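A.B. asks: following is a predicted model, sequence given first.
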Amino acid sequence: MKIFKLITFLTLVAFGFIACTTTENCTEEKSVNMQIGFYTNNPTSTNALNIDSIWVRGLGVDSFLYKKKTAIKSILVPLKDLDIHTDYIVRFNNITDTISVFYQSNNQYYLSLECGCVVSHTIDEVIFTKNFIKSVIITNRNINTLSTENVQIFNN
């Protein structure tokens, strides 16, 4: 009887170790972020704009996504998975703008047991205040795990 209990105990422990998996084995990209590039549009060409100092945080969120980042040409910002829009407060040097992104969240797709699920998005519209930002162009409406620029912000 003692041997049966010992074998049962060891079997349960072995199954416990087998059932436990970690995300260290996950090699799939799971981050879904919208990439925003900054540009200046002069009469002859469009050039990348190098921002001296930028602060970015989600509206209603205490923590910053970017805090006093310098010499930056683009940013990556997450969208809320369970909502249809996300608002950001962006301060370029000392000028503050608000950016509202309206989108549809697509179905979750399952990567694996270790990696979990990923939710992609499709941008419908971007609304913004016009303090520093003069115009916005949506260059790629599909936001997924690929690192592509989705939105271009112009200051001229």
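C.D. replies: Thanks, I have it. Residues are numbered from 1 along each chain as shown.
A.B. asks: Ile3 in helix, strand or coil?
C.D. replies: helix (DSSP: H, G, I helix; E, B strand; the rest coil).
A.B. asks: what about it, how many neighbours?
C.D. replies: 7 (other C-beta atoms under 10 Å). Placement of C-beta: from N, CA and C, glycine included.
A.B. asks: what about it, distance to Ser74?
C.D. replies: In this view, Ile3 and Ser74 are 65 Å apart by C-beta to C-beta, to the nearest Å.
A.B. asks: do the same with Asn150
C.D. replies: For Asn150, the distance to Ser74 - C-beta to C-beta - is 10 Å.
A.B. asks: which of the two has more neighbours?
C.D. replies: Applying other C-beta under 10 Å to Asn150 and Ser74 shows that Asn150 carries more neighbours, namely 23 against 16.
A.B. asks: who touches the helix or strand hosting the more buried one?
C.D. replies: When elements are assigned from DSSP states H and E, Asn150 belongs to strand 149-154. Contact with strand 149-154 is made by 34-41, 46, 74, 101, 123, 126, 128, 133-143, as judged by C-beta atoms under 8 Å, 6 or more residues apart in numbering.
A.B. asks: among the residues you listed, which ones are buried?
C.D. replies: Neighbour counting over the contacts of strand 149-154 (16 or more other C-beta atoms under 10 Å) leaves 34-39, 41, 74, 101, 123, 126, 128, 133, 136, 143 as the buried ones.
A.B. asks: quickly list what's touching both of Asn150 and Ser74.
C.D. replies: Contacts common to Asn150 and Ser74, judged by C-beta under 8 Å, 6+ apart, are 35-36.
A.B. asks: so where do the helices sit in the chain?
C.D. replies: With helices called from DSSP state H, the chain shows them at 2-19.
A.B. asks: helices or strands next to the strand ranked longest in it in the packing?
C.D. replies: Among the segments of the chain that qualify as a strand by DSSP state E, the longest is strand 95-112. Contacting strand 95-112 under the criterion 3 or more C-beta pairs under 8 Å, 6 or more residues apart in numbering; DSSP states H and E are the following elements: strand 85-92, strand 116-128.
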